[in-house]
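Undergrad: predicted coordinates and the sequence they were generated for:
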Amino acid sequence: MLKELAQDLVDLIFDWGYLGIFLLMTVESSFIPFPSEIVLIPAGYLASKGDMNIGMIMFSALGGSMAGAYINYYLALLLGRKILRKYGKYFFINENAIGKMDSYFEKHGHISTFIGRLLPGIRQLISIPAGLARMNLAVFSIYTALGAGIWAFILVMLGYAIGENQELIDAYLKQITIIVIIVLVLLGSWYAFIQKSKKVEE
């Protein structure tokens, strides 16, 4: 039922064209869980038929992803610390923990944001700790756009190449997700090795 409801919503929004893609990706990238694949894969399919333009799809998708990410970032930036200071003690979060989070994001916020934007279940949430830690907005924007752009491109191209074959889409999407996770694990390991090497040199 949830899948049918989501599909009805997509059909309705696609009547709005690129604005619909922008709005759905804003929702997907904010704190409301909404799978980007049910937006961008059909958009890629429409592009393969000549009904939509890939460049405009990507522009709309990336714009929506950034808008949603900024919503989370600024909500966390403006309200997050007040909430943590008031209720954090109930979750064993104190000023020391907040200080460690600030220090971590100052040093490793770029790689954490990039990797987070490509991980299922985390991509919508990574903006929250970035906002809490007051991560540099320019750095946050660059790495959010990079991660969101890569994921959007993968989904659009999947829809463009495979079309409406749901079984193939499910199979390929699962394989692609596994490959992306493996690549990110390797990237994270390489980054950790570089950081460890720097500490040894110091």
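TA: Happy to help now that I have it.
Undergrad: now do the helices in this structure.
TA: Here the chain has its helices, by DSSP state H, at 2-14, 18-29, 37-48, 54-75, 81-87, 95-116, 127-132, 137-162, 166-201.
Undergrad: output the below-cut-off pLDDT ranges for the chain.
TA: 1-14, 33, 83-102, 163-172, 198-202 (pLDDT under 70).
Undergrad: mind running it again at 50?
TA: 1-2 (pLDDT under 50).
Undergrad: before we move on, back to that, can you list the helices of the chain in TSV and add mean neighbour count?
TA: Every residue, glycine included, has its C-beta placed from N, CA and C. Converted to TSV, those look like this (neighbours: other CB atoms under 10 Å):
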stretch	mean neighbour count
helix 2-14	12
helix 18-29	22
helix 37-48	22
helix 54-75	20
helix 81-87	13
helix 95-116	16
helix 127-132	23
helix 137-162	19
helix 166-201	12
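Undergrad: and the closest residue to residue 118 other than its chain neighbours, what does it touch?
TA: Here the nearest residue to residue 118 in space, its sequence neighbours aside, is residue 147; by CB to CB, 6 or more residues apart in numbering that works out to 5.1 Å. Contacts for residue 147 were tallied using CB atoms under 8 Å, 6 or more residues apart in numbering; they are 113-118, 123.
Undergrad: wait, which of those is closest to residue 174?
TA: Set against residue 174, the nearest of these by CB to CB is residue 118 (15.2 Å).
Undergrad: how many residues are close by the closest one?
TA: 21 (other CB atoms under 10 Å).
Undergrad: then residue 32?
TA: Residue 32 has 11 neighbours, counted by other CB under 10 Å.
Undergrad: distance of it relative to residue 179?
TA: 27 Å (CB to CB, to the nearest Å).
Undergrad: ok, now residue 62?
TA: Between residue 62 and residue 179 the computed distance is 22 Å (CB to CB).
Undergrad: from residue 17, how far out is the residue nearest to residue 24 when sequence neighbours are not counted?
TA: Once flanking residues are discounted, residue 24 sits nearest to residue 39: 4.6 Å by CB to CB, 6+ apart. Residue 39 is 13 Å from residue 17, where distance means CB to CB.
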